[in-house]
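In: below are the sequence and a predicted model; questions follow.
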Amino acid sequence: MTVLRKERRGDKLERLREFWYIYSRNKLGVIGLAILTIYIAIAVLAPVIAPYDPKARIGSPMEPPSPKHLLGTDELGRDILSLVIYGARISLLVGVLAATITMIIGTLIGILAGYFGRFIDDILMRITDLFLVIPGLPLIIVLAVVLGPSIWNIILVIALISWPTTARLVRSETLSLKERMFVNASRVAGASDFYILAKHIIPNVLPIISATMVLNVVNAIILEAGLSFLGLGDPTHISWGTMLYFANRQGAFLSDNPMYIIAPGLALVGIGLAFVFISYALDEVVNPKLRREGI
Amino acid sequence: MKPIVSVKNLKKYYPLKKGLLYTILMGEKEYVKAVDGVSFEIYEKEIFVLAGETGSGKTTTGKVLVGLEKPTEGEIYFKDQNISRLNPKEWKRKGLRRKIQMIFQDPYESLNPRSKIYDILAEPLIVNKAVETREELDEKIMRKLEEVKLIPPDEFAFRYPHQLSGGQRQRIVIARGMILDPEFVVADEPVSMLDVSIRIDILNLLNSFREKYGVSYLYITHDLATARYIGDRIGIMYLGQIVETGPVEEVIQNPKHPYTQALISAIPIPDPEYARRKEIIELKGEIPSPINPPKGCRLHPRCPFAMDICSKKEPPMIEVGRGHQASCWLYEKI
Amino acid sequence: MSKETVLLVEDLHTYYFTLGGVVRAVDGVDLEVYRGELVALVGESGCGKTTLGYSIMRLIMPPGRIVKGKIILDGINILELDDEEMRDIRWRKVSMIFQGAMNSLNPVMKVGDQIIEALLYHNAISSVEEGRSIVKKLFELVNLDFERMNSYPHELSGGMKQRVVIAMALALNPDIVIADEPTTALDVTTQAKIMKMINDIRRKMGISIILITHDLPLVAEVADRVYIMYAGKIVEAADVYSMFKEPKHPYSQGLLSAIPSIKGPKRRLEGMPGEPPDLRKPPQGCRFHPRCAYVMDICRTKEPVLKPLASGTKRIVSCWLYDDSYSKGG
């Protein structure tokens, strides 16, 4: 009699190990994770790494890159490298946290509406539509007045105005998934709605979720600057978003120091890429069809 | 002998989506009458075939029987239990999920591409709490894989559906349907997606479960050749109703209802000499819409033998042979 | 009766050069079609029958490529034509009813206009009026009401859509029509009507038809001759009567004995063991040998050739069992 090979069956720890095994075979995924780790390290260790105090004027305005100031200075004579390094703190916090909250709300509402349908769908989708059509600007101004300025409120507001797009996408995917035959098969097997959602629907909407996550992170980092200026935050704090805003106002591209706009821009591209790569690798983990032979 | 499943006057209507204004103005809602008064019985260890063309309502009937759809009207009895109005929780509580199962048509669509075979087969056992230990779970899965001839089982258990061929996948679909050791199984076109050389093995496999465990089947198909191969009795469906029923061989060799006659005459025969001699009985036009089916006998606008009464009164089931009934005015004894 | 050859395929190889390896979808196929006959090309999914059809239309797209061979249509080797010349021949001399074509009609365009547009594209007509009169003739041919030309695809039943697709394939009066599973998606009663219509048109217009299908009973009903294809090769060819009465190749025998029928004695049937091979690495020797009940030593090492069963006959088979040069049983 044959016995099922135990070591391949997998309890939780096994699954985690398998997950990592497949993930780590994806080079892009590892690169993405590495970039993210480096970014986080930079943010945490900013005071140690940064060559100057980012708020101090240590040179003349708009100095081009030099050995002293590797990325030059801004219009106030501050060191751009230090600004970018310190900017990682707020930008990462806002980007990742806001995108995560967006993802959680959007996914939850999208899945519930799509899966349960009928009046639950109607109610949830009308609420979604409401958030989609409310002009963002007045909402933000009102919230700024009510909530008062703080970085946490910025995160909250970004999530509040971003989730409907995710919810719509997830809902339409769920709608088509729940009609798939394997969901019916699970129902006939006696699986509860909760079980079907956890085992069949969510793993199959994951690629969509991770794709929107990428967009949401980048979006949130840029939105943060805008919100700071509208009074939800302190516009003098240092983030990539505010840097880009000021650089743009200075016409940094045509100035003596184009690094003023290039540096925070590249930082943003880097974090975006990191999330794209991670989402590729995650997709491979949850979608066995994409895996290479031999796994 | 008592039937294991009996279906009485089953109806399933789907409301047509129309605007609110339309409903107010026209006063009534329109329905797609997918199944419209179907009755049949299935006995122990029997394979009852529901055959018909697209839109005849055969698949909807199957879905209602396993509780995937709620009937609009009519009763379904499993043994002595009326199961037609039960909700999913009651199905599970009364242990019906373990007794009534389904085998799906499309081996590519009906397996979650992201689950391993092991997890696909474990699901019914876990959600029905049919096993207590890990070892028992392993053991059951392994045994079923062996029974569907996927040997050695651990060659297959840890693969994903896309790594298997169509025939192997269909064996997984069958293993999943059989893993709870059900008494009654609805098999919805289980071989229609497969290559000819594989079909027979799958049919033989279904038959082996009947012989070994006494499973009864409702076999849903559009293919009367496989119906004849595997079935005991058959119901021919047209526009949501059974128009003829009886022993498979009797119905196929000696069809009484004009629709059955036309259907059977259209089936190609793998014998060139015979095939070229046979006459095809043609029905006029195409299947009418199930929203407003013809009054009287539903076939009358297309029937070559239509009489006056056919357009006025719906024909009852009339005995035309031993256990063989047809719903056609031609056979009414005057 | 002398038969005129319309299409001759010789030693055709069509491969797909994929990342996972070279897929030998068509690997040395010979095929002959006479004027006015209906030839069935039978095989299971993945045997290369559709690729063969596309090759004859010269519609193979990268990563696929016709590697070698000849396709002689009315005396011209179409593999030597340039793209411009081929475009001229395609549809005029050889056209195809693609599998599932009835579901790929443009949903927002009237079906008549779709045919007229195609005619215009091929410079077959000079005005829309002329197109309408051709559509009228075509619709008559396929038993569709002329008014139907103003319908959108969703207003038509499956059978009607298939008639439109067939009308399109016939629009330029081709010599050969390749019909790839033209009735698979249809109900049997509709299938019977469509096949009868195709056969009537064939007789009336004297065109030849290559019917690509896996449905053997259908073949018995309509075909004149049958080619059986397995793993990229033709394994047997015969007239339909001999093929069904006495198949020679073990694969043909297996296929024919695995189909249930509504006539004849009811008996237990057996399927064929195993699965068709992966065409990236087909087995050595005869490609059927791992599944063959009569396998001999030579089958594992040397590929059999497709040749006449006896001199002078039209029955050809590719199997060592029938090869005189190899004495069977040792």
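Out: Yes, it's here.
In: what sits against B:Ser165?
Out: Each residue near B:Ser165 by C-beta atoms under 8 Å, 6 or more residues apart in numbering or on different chains is listed here: C:Glu275. Where C-beta positions appear, they are placed from N, C-alpha and C, glycine not excepted.
In: secondary structure of A:Ile31: a helix, I assume?
Out: Yes. Assessed with DSSP: H, G, I helix; E, B strand; the rest coil, A:Ile31 lies in a helix.
In: wait, what's in contact with it?
Out: Contacts of A:Ile31 by C-beta under 8 Å, 6+ apart are A:274, A:277.
In: all strands in chain C, in order from the N-terminus.
Out: All strands of chain C, identified by DSSP state E, fall at C:5-18, C:21-34, C:38-42, C:64-73, C:76-77, C:94-97, C:176-180, C:208-213, C:225-230, C:233-239, C:307-308, C:316-317.
In: which stretch in those strands is the model least sure about?
Out: Sorting the strands of chain C by mean pLDDT places strand C:307-308 lowest, at a mean of 86.
In: residue of chain C nearest chain A, please.
Out: Among all residues of chain C, C:Gly20 sits closest to chain A, at 8.3 Å; criterion: C-beta to the nearest C-beta.
In: roughly how far apart are the residue lying closest to that residue once chain neighbours are set aside and A:Asp283?
Out: Spatial nearest neighbour of C:Gly20, excluding adjacent residues (C-beta to C-beta, 6 or more residues apart in numbering or on different chains): C:Arg280 at 6.3 Å. As judged by C-beta to C-beta, to the nearest Å, C:Arg280 and A:Asp283 stand 26 Å apart.
In: quick one, which of the two is more surrounded?
Out: Using other C-beta atoms under 10 Å in any protein chain shown as the criterion, C:Arg280 and A:Asp283 rank with A:Asp283 on top: 16 against 13.
In: was I right to think the residue of chain C closest to chain A contacts C:Lys281?
Out: No. Using C-beta atoms under 8 Å, C:Gly20 makes no contact with C:Lys281, being 10.2 Å away.
In: still on that earlier bit, who's in contact with the residue nearest to C:Gly20?
Out: C:18, C:20-24.
In: tell me the pLDDT of it.
Out: In this model, C:Arg280 is scored at 88, pLDDT.
In: and it, its phi and psi?
Out: Phi and psi for C:Arg280, reported as degrees, to the nearest 10, are phi -80, psi -30.
In: and it, how close does it get to chain B?
Out: To chain B, C:Arg280 is 15 Å away according to C-beta to the nearest C-beta, to the nearest Å.
In: near the nearest residue to C:Arg300 once chain neighbours are set aside, how many other residues are there?
Out: Using C-beta to C-beta, 6+ apart and skipping the chain neighbours, the partner closest in space to C:Arg300 is C:Gly285 (4.7 Å). By other C-beta under 10 Å, 19 other residues sit near C:Gly285.
In: also C:Lys70?
Out: With other C-beta under 10 Å as criterion, C:Lys70 counts 14.
In: quick revisit: show me which of the contacts of C:Arg280 are buried.
Out: The neighbour count (16 or more other C-beta atoms under 10 Å in any protein chain shown) marks C:23-24 as buried among those.
In: return the member of the contacts of C:Arg280 nearest to A:Ala50.
Out: C:Gly20 (49.9 Å; C-beta to C-beta).
In: ok, now which ones touch residue 121?
Out: As the question left the chain open, I've gone with chain A. Contacts for A:Asp121 were tallied using C-beta under 8 Å, 6+ apart; they are A:113-114, A:171.
In: try again with chain B
Out: Here B:Leu121 is in contact with B:141, B:144-145, B:157, B:172, B:175-176, B:179 (criterion: C-beta under 8 Å, 6+ apart).
In: need the buried ones from those selected in PyMOL.
Out: Applied in PyMOL, the following selects the buried portion of those according to 16+ other C-beta under 10 Å:
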select buried, chain B and resi 141+144+145+157+172+175+176+179
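In: intersect the contacts of B:Leu121 with the contacts of chain A.
Out: B:141, B:157, B:176 (C-beta under 8 Å from any C-beta of the partner chain).
In: does B:Asp223 touch B:Ser192 like I think?
Out: Yes. In this structure B:Asp223 lies within contact range of B:Ser192 using C-beta under 8 Å: 6.7 Å.
In: out of the contacts of B:Leu121, which comes closest to chain C?
Out: B:Ile172 (14.6 Å).
In: tell me which helix or strand of chain A sits lowest on mean pLDDT?
Out: Least confident helix or strand, chain A: helix A:136-147 with a mean of 76, by mean pLDDT, DSSP states H and E.
In: excluding its backbone neighbours, what's nearest B:Leu137?
Out: Nearest to B:Leu137 is B:Val131, by C-beta to C-beta, 6+ apart, at 4.6 Å.
In: that neighbour: what's it in contact with?
Out: Contacts of B:Val131 by C-beta under 8 Å, 6+ apart are B:125, B:137, B:140.
In: so what's the backbone phi/psi at the last one?
Out: Torsion angles at B:Lys140 (phi, psi; degrees, to the nearest 10) stand at phi -70, psi -50.
In: quick check, it in contact with B:Met178.
Out: No. With contact defined as C-beta under 8 Å, B:Lys140 does not count as touching B:Met178 (10.5 Å).
In: who's more crowded, the two?
Out: Ranked by neighbour count (other C-beta under 10 Å), B:Lys140 and B:Met178 place B:Met178 first, with 23 against 19.
In: wait, that one touches B:Ala187, no?
Out: No. Judged on C-beta under 8 Å, B:Met178 makes no contact with B:Ala187 at a distance of 10.7 Å.
In: tell me, how many residues neighbour the closest residue to B:Gly67 other than its chain neighbours?
Out: Using C-beta to C-beta, 6+ apart and skipping the chain neighbours, the partner closest in space to B:Gly67 is B:Trp91 (5.3 Å). Under the neighbour criterion other C-beta under 10 Å, B:Trp91 is assigned a count of 20.
In: what does B:Ile83 give?
Out: For B:Ile83, the neighbour count with other C-beta under 10 Å is 21.
In: please report phi then psi for it.
Out: Main-chain torsions, B:Ile83, degrees, to the nearest 10: phi -110, psi 10.
In: now it. Nearest residue, chain neighbours left out?
Out: Computed as C-beta to C-beta, 6+ apart, the closest residue to B:Ile83 that is not its neighbour in sequence is B:Ile76, at 5.3 Å.
In: tell me if the one you found really is in a strand.
Out: Yes. Assessed by three-state DSSP, B:Ile76 belongs to a strand.
In: that one and B:Ile4 touch, don't they?
Out: No. Counting by C-beta under 8 Å, B:Ile76 sits too far from B:Ile4 to count as a contact (11.6 Å).
In: list the contacts for B:Met178?
Out: By C-beta under 8 Å, 6+ apart, the contact set of B:Met178 is B:101, B:144, B:147-148, B:185, B:209, B:215.
In: with C:Gly43 instead?
Out: C:49, C:214, C:228-230.
In: can I get the residues you listed in a markdown table with distance to C:Leu73?
Out: Shown next, in a markdown table, are the contacts of C:Gly43 (distance: C-beta to C-beta, whole Å):
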| residue | distance to C:Leu73 |
| --- | --- |
| C:Lys49 | 19 |
| C:His214 | 26 |
| C:Ile228 | 23 |
| C:Met229 | 20 |
| C:Tyr230 | 25 |
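In: most widely separated two among those?
Out: Using C-beta to C-beta, the two most remote members of the contacts of C:Gly43 are C:His214 and C:Tyr230, lying 11.9 Å apart.
In: domains in chain C, by residue range?
Out: Using automatic domain parsing, the domains assigned to chain C come out as C:5-93+C:174-327, C:94-173.
In: would you mark the buried spots in stretch C:41-53?
Out: C:41-44, C:46-53.
In: still on that earlier bit, ok, C:His214 and C:Tyr230, which is more surrounded?
Out: Comparing C:His214 with C:Tyr230 by other C-beta under 10 Å, the one with more neighbours is C:Tyr230, at 26 against 18.
In: low-confidence ranges in the stretch 101-250 of chain A?
Out: A:231 (pLDDT under 70).
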